[in-house]
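Chemist: mind folding the following:
(one chain, ligands or ions: 2)
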Amino acid sequence: MTLLFVAPTMAAADWVAALAQELPEMPVRVWPDLGDPGDIRYALAWAPPHGLIASLPHLKAVLSLGAGVDSLLSDPTLPATVPVVRLVDPALTDGMTEYVVWQVLAWHRDATAYRAHQRDRQWRKMPERMAGDRTVGIMGLGELGLAAARALTALGFPVTGWSRSPRSIDGIGCYAGADGMDAFLASAQCLVCLLPLTGETEGILNAGLFVRLPDGAHLINAGRGRHLVDQDLLHALSTGHLSGAALDVFETEPLPPDHPFWAHPQITVTPHVAAVTHARSASVSIAAAIRELEQGRRPRQTVDRGRGY
Ligand code: NAP
Ligand code: GLV
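Modeler: Numbering: from 1, shown residues only. Ligands and ions are numbered 1, 2, ... in the order given. The predicted model follows:
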């Protein structure tokens, strides 16, 4: 019973050490060293080459090294019968909460303006607003969206959330589906996208959505780059309908050097670091999921292939 680690962009040595701690009984191979593919029961993967998973004849499950599984599900050869388990890990959730709180506070406290004033040696005060007067709307009330919503509520922001199925959460104004979208967007002075990338959510951050936000709204996208229509954001910023954006994810990563987002004065770019997977912490959740699978159970974080997340 062997585990294959396949994540071309991650430090394999850290993972091998962390997995040896949590799953001492399980030999680990690091792609591209497959050995006999018939030995491999579990694949721990981030953006594996298409076709690799299908080439493992005795695979019991694929475990994602990230919360998002779009790069796994986009492989047309991925066998329909192999369960895909996404990552739910407290360190990942904490990282995203920090990122969202950081970017919401940067918006709320005019960080971009003060940085520019400092550069120009200007002692100039911006109007102070109270958190209680500024609504943050979070698209996606899952593991990450809900934790961020709670942290922002604790800071005094009115928080609303939008999900696919109706939710009822104390202290958070909940909206769901197409029917709830207009009311959700109408109050979101700061809109945070923490949706998974699926057929339904691709391109959702577009001109048609932006016009339904209040004038001067701010956008934070930490979901996936393909949620956003880049040109529509640039247009909404140029008309002033949106006042700024913080973007962590991009259609092409790394963001190409000539992309207009890099130099845009109202856009903050971070290099897909909102929530990073830490081997030591994540290997605990991964080991727990593998133990459940070994006992014939279905981990809670198993992806619903029909929904795409
Ligand atoms: P999750 O627990 O699966 O939650 C997804 C949320 O999105 C759920 O509330 C779900 O609604 C909602 N949703 C899905 N499709 C929808 C639709 N068509 N309309 C409305 N709501 C919809 O996922 P998570 O763990 O919070 O992760 C969310 C995403 O964050 C990941 O998929 C990934 O893309 C991104 N991410 C980014 C980074 C980064 O570093 N930038 C790091 C980690 C994750 P229901 O509640 O009704 O199911
Ligand atoms: C990172 O983007 C993740 O999905 O965990």
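Chemist: hey, let's count contacts and neighbours off CA atoms from now on
Modeler: Fine.
Chemist: okay, stretch 182-197 in CSV with CA atoms only?
Modeler: Coordinates of each C-alpha in stretch 182-197 appear next as CSV, following Å, rounded to 0.1, in the frame of the first residue of the first chain:
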residue,chain,number,x,y,z
ASP,A,182,-29.1,40.8,-6.4
ALA,A,183,-29.9,41.5,-2.8
PHE,A,184,-26.5,40.2,-1.7
LEU,A,185,-24.6,42.3,-4.2
ALA,A,186,-26.6,45.5,-3.6
SER,A,187,-25.1,45.8,-0.1
ALA,A,188,-21.6,44.5,-0.6
GLN,A,189,-19.3,47.5,-0.3
CYS,A,190,-16.4,45.1,-0.3
LEU,A,191,-16.9,41.8,-2.2
VAL,A,192,-14.7,38.8,-1.4
CYS,A,193,-14.6,35.9,-3.8
LEU,A,194,-13.9,32.5,-2.1
LEU,A,195,-15.8,30.3,-4.5
PRO,A,196,-14.5,27.1,-6.0
LEU,A,197,-13.9,27.2,-9.8
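Chemist: do that stretch and ligand 2 meet?
Modeler: No: using C-alpha under 6 Å from any ligand atom, stretch 182-197 never reaches ligand 2; the gap is at least 8.3 Å.
Chemist: likewise for stretch 80-87?
Modeler: No: judged by C-alpha under 6 Å from any ligand atom, stretch 80-87 stays clear of ligand 2, getting no closer than 7.0 Å.
Chemist: what about that stretch and ligand 1, any contact?
Modeler: No: using C-alpha under 6 Å from any ligand atom, we find that stretch 80-87 stays clear of ligand 1, coming within 7.4 Å at best.
Chemist: now that stretch: buried residues?
Modeler: Judged by neighbour count (16 or more other C-alpha atoms under 10 Å), stretch 80-87 contains these buried residues: P83, V84, V85, R86, L87.
Chemist: host element of L219?
Modeler: When elements are assigned from DSSP states H and E, L219 belongs to strand 217-221.
Chemist: strand partners of that strand, parallel vs antiparallel please.
Modeler: According to DSSP bridges, strand 217-221 forms sheet pairs with strand 190-193 (parallel), strand 242-247 (parallel).
Chemist: what's near enough to touch L219?
Modeler: Residues in contact with L219 (C-alpha atoms under 8 Å, 6 or more residues apart in numbering) are C190, L191, V192, C193, L242, G244, A245, A246.
Chemist: return the member of the buried residues of stretch 80-87 nearest to E292.
Modeler: Nearest to E292 among these, counting by C-alpha to C-alpha, is V85 at 11.3 Å.
Chemist: ok, the nearest residue to the closest one once chain neighbours are set aside - contacts?
Modeler: Counting by C-alpha to C-alpha, 6 or more residues apart in numbering, V85 lies nearest to T302, which is 4.2 Å off, once chain neighbours are set aside. T302 makes contacts with P83, V84, V85, R86, as judged by C-alpha under 8 Å, 6+ apart.
Chemist: all helices for this protein, in order.
Modeler: Under the criterion DSSP state H, helices of the chain are mapped to 12-22, 70-73, 90-108, 111-119, 143-154, 177-187, 207-210, 230-239, 279-294.
Chemist: can I get the CA coordinates of the fourth one in CSV?
Modeler: I take that to be helix 111-119. Extracted as CSV, the C-alpha positions of helix 111-119 are listed here (Å, rounded to 0.1, in the frame of the first residue of the first chain):
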residue,chain,number,x,y,z
ALA,A,111,-3.7,51.6,2.8
THR,A,112,-3.2,52.3,-0.9
ALA,A,113,-3.9,56.1,-0.5
TYR,A,114,-1.6,56.4,2.6
ARG,A,115,1.2,54.5,0.8
ALA,A,116,0.9,57.1,-2.1
HIS,A,117,0.8,60.0,0.4
GLN,A,118,3.9,58.8,2.1
ARG,A,119,5.7,58.4,-1.2
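Chemist: can you give the distance of that helix from its chain's centre?
Modeler: 28 Å (C-alpha atoms, centre = their mean, to the nearest Å).
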